[in-house]
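# sequence first, then the predicted structure, then my questions.
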Amino acid sequence: MSIGTPRDYSEDMYKVYFELGEWEGRALDILTSFVGDYHSKKILHLEFGYEVAIPIQCIPDVVKLLSQNNIAIYQIVRGDKIEEAWR
């Protein structure tokens, strides 16, 4: 069985939910900085984390940034593909 997303090197955008141990808005600052001004306006703050639109291949980069800043990651869920441009 081949799901395919780990080999998706396109800039196709997906909704991705990050369940995080937020502290003083630090995780939101990191996500905002990573996605840039345009996409940061669409970050959805949920009860225990954030939903952000990014390409699949950006997920490991975001995880690395969060981890380097001691932000606990409890769950990552890939959502639907959306019709939006990364760049």
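On my side now, so go ahead. All figures in this text were calculated on a predicted structure; none of them were measured in a lab.

# check which element follows the helix or strand containing Y14 along the chain.
Here Y14 sits within strand 13-21, counting by DSSP states H and E. The C-terminal neighbour of strand 13-21 among helices and strands, as given by DSSP H and E, is helix 26-40.

# for that next one, packing partners?
Here helix 26-40 touches strand 13-21, strand 49-55, helix 59-68, going by 3 or more Cβ pairs under 8 Å, 6 or more residues apart in numbering; DSSP states H and E. Backbone N, C-alpha and C define where each C-beta goes, glycine included.

# and the first one, what's buried?
Same thing as strand 13-21. 13-20 (16 or more other Cβ atoms under 10 Å).

# can I get those in CSV with pLDDT?
CSV is the format used below for the buried residues of strand 13-21 (pLDDT from 0 to 100):
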residue, pLDDT
M13, 94
Y14, 94
K15, 96
V16, 97
Y17, 98
F18, 98
E19, 98
L20, 97
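
# thank you, goodbye.
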